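K.L.:
this one's sequence-less:
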């Protein structure tokens, strides 16, 4: 195999799934697999946690198993600055789609990401697993 040719190929486009270490995040990974299949992209599951927080081992095992079941690996990063970790994950991975849960409130970092990466399609998944394309407009409480 000519590795020069392989290394010169552009990185594969990715669908990035952003999850927390909750047992309810399986629906987001499943939605990510659906979008990755439709858009012919590689599925990448990403979790960021504070350095001081070890995480729930049962939930992390669940995320690992669920990511693997849906054709992805689980990437875990420990950082105090969640926003910076998410920005790096989106920017470095030739990301074309990002799948998340719904923003918790009007101060969610998701709104900033939607505005900062207009070339990326963002989708949210509700509690029942329904997907919708994200709207960067913040809703007042």
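P.N.:
That came through fine. As the structure is a computational prediction, the values presented were derived from the model and not from experiment. Numbers count the residues shown, from 1 in each chain.
K.L.:
Name the next helix or strand downstream of the one helix or strand residue 83 maps to, please.
P.N.:
For residue 83, the host element (DSSP states H and E) is helix 82-92. Beyond helix 82-92 on the C-terminal side, the first helix or strand identified by DSSP H and E is strand 95-101.
K.L.:
what's in contact with that following strand?
P.N.:
Residues outside strand 95-101 that contact it (C-beta atoms under 8 Å, 6 or more residues apart in numbering): 13-20, 25, 28, 31-32, 35-36, 39, 41, 44, 89-90, 110, 113, 117, 120-126, 131, 134. (C-beta placed from N, C-alpha, C; glycine too.)
K.L.:
Now do the contacts for residue 39.
P.N.:
By C-beta under 8 Å, 6+ apart, the contact list for residue 39 reads 13, 15, 96-97.
K.L.:
quick one: it and residue 16, what's the gap?
P.N.:
12 Å (C-beta to C-beta, to the nearest Å).
K.L.:
Same question for residue 103.
P.N.:
16 Å.
K.L.:
And the two? Which one has more around it.
P.N.:
Neighbour tally, residue 103 and residue 16, criterion other C-beta atoms under 10 Å: the higher count belongs to residue 16, 27 against 16.
K.L.:
Please name every helix or strand in contact with whichever helix or strand the more buried one is part of.
P.N.:
Residue 16 is located in strand 14-19, with elements delineated by DSSP H and E. Counting contacts by 3 or more C-beta pairs under 8 Å, 6 or more residues apart in numbering; DSSP states H and E, strand 14-19 packs against helix 26-39, strand 42-49, helix 82-92, strand 95-101.
K.L.:
Pull out the buried residues from the longest one.
P.N.:
Within helix 26-39, the residues scored as buried using 16 or more other C-beta atoms under 10 Å are 26-36.
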